[in-house]
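>>> generate a structure from the sequence data that follows.
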Amino acid sequence: MAPVILVTFAGREHRMQILNSYVRKAMADGLIDEWHIWDFTRAAADHEWVTREFGPLRFMGDAVGYQACGTTSARSPLRLDARINNDLHLAILPKHDPDSFYEVVIGGWNNQQSVIRKAARARLNDADRGDAPTVWAKLTPGVLSPGRANEVVVSIDQSGIPELMVNGVVLGRWPDIALPAGADVMARGGWGATLELCHVDAPVRRYVGNPGEQMPYFQAYQYYARRLPDFADALFLKCDDDIVYMDLDGLAGFIDHRRKNPHYFVTSANVVNNGVCAYFQQVSGALPTSLGHFERPPGGFGGTLWTDPDKANKLHDFFLASPNKELPLPSKVVDWQERQSINFIAWLGRDLQHMALAKGDDEKMLTVDLPAFLERPTCIYSDFTVSHLSFGPQETGVDVNRLIAAYDTLMREKLSV
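Residues are numbered from 1 along each chain as shown. Prediction:
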């Protein structure tokens, strides 16, 4: 069976902990095969949490700083399969010397030269260390191949002398660089070169987007679109990091419907706190008028729920109090041809051929522009319910801490944790 891959744009630790529990249970139950965590964090503490929590690094943008990728010692060399065209940077951090590190640039200067610099450990995160003293340099024309995952081996002999091999060629051996206790190794791309560590195939793995990007999500869509042969048979789920309830009993049906109905471009779950879904939930009678009027958002975008924290609080409280945790729509599947929030959606891997999205509003592209161009509708699937904590305009008044505590209690009841 083709794999089911969940993509989440992360991540705010406080809001993502509940989702973490649901997804790991879904993976344990065989409903989801892979979870790709795209680190688009804005706060350093959130980045550190995502790094600790979500497994090994698979991909990083060309402006991302050094990320840990392993260790090397006399007993165990470090082996990497690195897909990169030029400027593979390795930071070798000697365990016996906490104050300095060696920066190895492989295939710099348009893949023509390699160098080693020595710098203070405090400079590890500097944007440029080109002024650090060069301790070794060599012409290495074409050392990195754009047509394969480059095999990189960092080894240390019993005397503590390091050696570097790339694609079966010994790049260098350096008796003057002693690593008697081994070293930690970090990696990054540079000068326009993204880095993919192809040996990383853990079920849960990280992808780190370039920091400081406004509307950064195009990086993820382009990554998958450029690897269409690798993902054409997959089924993709994408969810926000603040999904605080997931009906795992309904997830298999949602996935099955997505597989069997390829004419839809994207399929949405039935989302609590989503303007279009709330409109249909009220049309069906699932949301009483005492909660307020949930109008059809104009063109599927905005609307009073999107901007009104009081209405969102009441909706969450109503759902939390409902015994069955269901807000059915007027029919099992609601066809839709306008914009909708993409809090939890699914698409088929074959459609990645259309999804090399430009930088901009990914929601509009996925639910309006591409469906119109391809003349394919989207839809909402009633029998799989998730709850979405908040939209940005609701943040002024949504009782985040209280709601997270309530949804955490619900999660523990549902998952028996």
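
>>> what is the subsequent helix or strand relative to the lengthiest strand in the chain?
Counting by DSSP state E, the longest strand found in the chain is strand 378-388. Next along the chain after strand 378-388, taking DSSP states H and E as the criterion, comes helix 400-415.

>>> for the helix or strand containing Val154, packing partners?
Val154 belongs to strand 150-156 when assigned by DSSP H and E. Strand 150-156 is packed against strand 67-72, strand 78-83, strand 88-94, strand 162-166, with contacts defined by 3 or more C-beta pairs under 8 Å, 6 or more residues apart in numbering; DSSP states H and E. Glycine gets a C-beta too; all of them are placed from N, C-alpha and C.

>>> to Ala193, which of those lies closest?
strand 88-94 (7.5 Å; C-beta to C-beta).

>>> quick check: pLDDT value at Pro141.
Listed pLDDT for Pro141 reads 98.

>>> the helices in the stretch 1-150 of the chain, which residues?
13-28, 44-53, 108-111 (DSSP state H, counting those that start in this stretch).

>>> which of the residues in the shortest one are buried?
Within helix 108-111, the residues that qualify as buried are Gly108, Asn111, counting by 16 or more other C-beta atoms under 10 Å.

>>> gap between that helix and the chain center?
Remark: helix 108-111 is offset 29 Å from the chain centroid, using C-alpha atoms, centre = their mean, to the nearest Å.

>>> for it, which outside residues touch it?
The contact list for helix 108-111 (C-beta atoms under 8 Å, 6 or more residues apart in numbering) reads Asn85, Asn86, Asp87, Ser114, Val115, Pro141, Gly142, Val143, Leu144, Gly190, Trp191.

>>> C-alpha coordinates for it, CSV please?
Extracted in CSV, the C-alpha atoms of helix 108-111 (Å, rounded to 0.1, in the frame of the first residue of the first chain):
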residue,chain,number,x,y,z
GLY,A,108,33.2,25.5,-2.2
TRP,A,109,33.8,28.2,-4.8
ASN,A,110,31.4,26.6,-7.3
ASN,A,111,32.4,23.1,-6.4
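
>>> please work out which residues outside the one helix or strand Val185 maps to touch it.
For Val185, the host element (DSSP H and E) is strand 183-188. Residues outside strand 183-188 that contact it (C-beta under 8 Å, 6+ apart) are 60, 64-73, 78, 80, 82, 88-95, 124, 154, 156, 162, 195, 197.

>>> quick one on the thing from earlier: which strands and helices sit next to the longest strand of the chain?
strand 243-246, helix 248-260, strand 267-272, helix 275-283, strand 333-336.

>>> at 7 Å instead, please
strand 243-246, helix 248-260, strand 267-272, strand 333-336 (3 or more C-beta pairs under 7 Å, 6 or more residues apart in numbering; DSSP states H and E).

>>> could you identify which of these is most buried?
Ranked by mean neighbour count, the helices and strands packed on strand 378-388 are led by strand 267-272 with a mean of 27 (mean count of other C-beta atoms under 10 Å).

>>> run the chain-centre distance for that one.
20 Å.

>>> alpha carbons only: can I get that strand in CSV?
Coordinates of each C-alpha in strand 267-272 appear next as CSV, following Å, rounded to 0.1, in the frame of the first residue of the first chain:
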residue,chain,number,x,y,z
THR,A,267,-10.1,17.0,0.8
SER,A,268,-10.7,18.7,4.1
ALA,A,269,-11.5,17.1,7.4
ASN,A,270,-14.6,18.3,9.3
VAL,A,271,-12.9,21.0,11.4
VAL,A,272,-14.1,22.6,14.6
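
>>> just to revisit the earlier point, of the helices and strands packed on strand 378-388, which approaches Gly168 most closely?
Distance to Gly168, taken as C-beta to C-beta, is lowest for helix 248-260 among the helices and strands packed on strand 378-388, at 42.3 Å.

>>> could you give the angle of the closest one to helix 400-415?
Counting by axes from the mean of the first three to the mean of the last three C-alpha atoms, to 10 degrees, helix 248-260 lies at 90 degrees to helix 400-415.

>>> report the inter-axis angle for helix 248-260 versus helix 13-28.
70 degrees.

>>> wait, what's in contact with Ala137?
If you count contacts by C-beta atoms under 7 Å, 6 or more residues apart in numbering, Ala137 has them with Gln113, Val115.

>>> ok, now how distant is it from Gln67?
Using C-beta to C-beta, to the nearest Å, Ala137 is found at 25 Å from Gln67.

>>> next: Phe231.
Counting by C-beta to C-beta - Phe231 and Gln67 are separated by 23 Å.

>>> on that earlier part again, and the strand holding Val154, how far out from the chain's middle?
With C-alpha atoms, centre = their mean as the basis, strand 150-156 stands 27 Å off its chain's centre.

>>> that older thread, reformat the helices and strands packed on strand 378-388 as CSV; add distance to Gly107 and mean pLDDT.
Listed next are these as CSV, based on distance: least, C-beta to C-beta, whole Å; pLDDT from 0 to 100:
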stretch, distance to Gly107, mean pLDDT
strand 243-246, 41, 98
helix 248-260, 41, 98
strand 267-272, 43, 98
strand 333-336, 48, 97
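
>>> can I get the ones you listed in a markdown table with distance to Tyr22?
Formatted as a markdown table, the helices and strands packed on strand 378-388 follow (distance: least, C-beta to C-beta, whole Å):
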| stretch | distance to Tyr22 |
| --- | --- |
| strand 243-246 | 4 |
| helix 248-260 | 7 |
| strand 267-272 | 12 |
| strand 333-336 | 23 |
